[in-house]
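# next input, structure requested:
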Amino acid sequence: MRVFFLVLFVAVSAPLLAQEDLFSMLDAAQGPVKKAPVAATFKGTRVVNLQTNELPASGVGQLIISHRFGTINDRPLYNFLGLDVAQMRLEYSYSPAHWLNLGLGRSSGNKTYDAFAKVRFLRQKQDGMPLSALYYHSTNLNSTDFNDGVNHYFTDRIAFTHQLILARKWSDEFSFEVAPTVVHFNLVGTPSDPNDQYGIGLGGRYKLTDRMALTAEYFARVHRPDGFYDPLSVGLDMETGGHVFQFHVSNARYMNDPSWMMLTPGSWGKGDLYFGFNLSRVFTHRAPKMAKEIEVL
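Below you'll find the model as predicted:
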């Protein structure tokens, strides 16, 4: 009887052990499990004005239409809380790769044209890389007429923005980013103003539902001349299928980078607040490649 049970045990356990060895061999052949990237740190490519770590997917373009109405404390009934007075910005960008986004924009404030690039070189991953890191640059051209009677160079109209974006999704609900920034003005307002001006942007998102989130951003400037204030904006993101609506209140009326960052004349304390919104829509220009793209570490 003992011999019978011994033979039965060997007959049953041998296939199980062989199966376990086979699974181990398959796992070894497949290599270590790759950590998945963290998605949807922010819902859009901007918090309000501040860039986020998000990019349109490879082969996808994005159109953003932005409105910033007049200040609500300027004859509020006559101007209907500023809705009768508006500035507008149009922006279109395209991602030739999953880590690169290139775009053009035009803002009615100071009649500014801009070109920008966004490069992602680190991406937050589950149980891996703890944050996402990107480099952002924009070149801005102010096309308004000079009225000081001085013959200006064309380069006097140009300003540059350089920004490092460090973002982390802390939980399913909360995301936060920090963005050290340098803005270079070829022409400044007074001789005491430096051409290179520094600041740091802070942006956050708190998810309320699958399609709605609260957002806020603040930009702290190192150079603080009289008459200008640090921009502070709060908003509500709403996703409706292929569109993302971003409604917000801000003391920054301008929407091009150098102006909203360093030249915001409005003050929350004085009631210089502007209602506005961003509307974004994506367009697929080419289907994603079947082969997986090489990630930039």
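# can you pull the contacts of Ala179?
Applying C-beta atoms under 8 Å, 6 or more residues apart in numbering, we find Ala179 in contact with 50-51, 136, 163-166, 200-203. In short, each C-beta sits where N, CA and C put it, glycine included.
# so among those, which ones count as buried?
50-51, 136, 163, 165, 201-203 (16 or more other C-beta atoms under 10 Å).
# taking these one by one, which sit in strands?
Residues from those lying in strands, with DSSP state E as the criterion: 136, 163, 165, 201-203.
# what's the most distant pair in the contacts of Ala179?
For the contacts of Ala179, the maximum inter-member distance is 15.1 Å, found between Tyr136 and Leu202 (C-beta to C-beta).
# and stretch 173-189, how far from the chain's centre?
12 Å (C-alpha atoms, centre = their mean, to the nearest Å).
# repeat for stretch 174-193
From the chain centre to the centre of stretch 174-193 is a distance of 17 Å (C-alpha atoms, centre = their mean).
# quick one: mean pLDDT over it.
Mean pLDDT, computed over stretch 174-193, is 96.
# likewise for stretch 126-139?
Averaged across stretch 126-139, the pLDDT comes to 95.
# contact partners of that stretch?
By C-beta under 8 Å, 6+ apart, the surrounding residues in contact with stretch 126-139 are 35-38, 41, 51, 53, 55, 114-124, 158-168, 179, 256-257.
# show me which of those are buried.
Those of those that meet the buried threshold are 38, 41, 51, 53, 55, 114, 116, 118-120, 122-124, 158-161, 163, 165, 167-168, 179, 256-257, by 16+ other C-beta under 10 Å.
# in strands only, show me these.
Per DSSP E, those map to strands at 114, 116, 118-120, 122, 158-161, 163, 165, 167-168, 179.
# where do the helices sit along the stretch 101-250 of the chain?
For the stretch 101-250 of the chain, applying DSSP state H, counting those that start in this stretch gives no helices.
# so, low pLDDT: which residues of it?
Within the stretch 101-250 of the chain, no stretch has pLDDT under 70.
# hang on, the earlier thing: just put the ones in strands among the buried ones among the contacts of Ala179 in a markdown table and tack on distance to Asp74.
Shown next, in a markdown table, are these (distance: C-beta to C-beta, whole Å):
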| residue | distance to Asp74 |
| --- | --- |
| Tyr136 | 33 |
| Gln163 | 31 |
| Ile165 | 34 |
| Gly201 | 27 |
| Leu202 | 28 |
| Gly203 | 28 |
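# and the residues you listed, which is closest to Glu173?
Gly203 (15.3 Å).
# my read: the closest one touches Glu217, true?
Yes. Between Gly203 and Glu217 there is a contact at 4.3 Å, judged by C-beta atoms under 8 Å.
# any residues in contact with both of the two?
Shared contacts of Gly203 and Glu217, defined by C-beta under 8 Å, 6+ apart, are found at 47, 50.
# so how many other residues sit close to Leu279?
Counted with other C-beta atoms under 10 Å, the neighbours of Leu279 add up to 14.
# for it, which non-adjacent residue is spatially closest?
Of all residues not flanking Leu279 in the chain, Ile65 sits nearest, at 4.8 Å (C-beta to C-beta, 6 or more residues apart in numbering).
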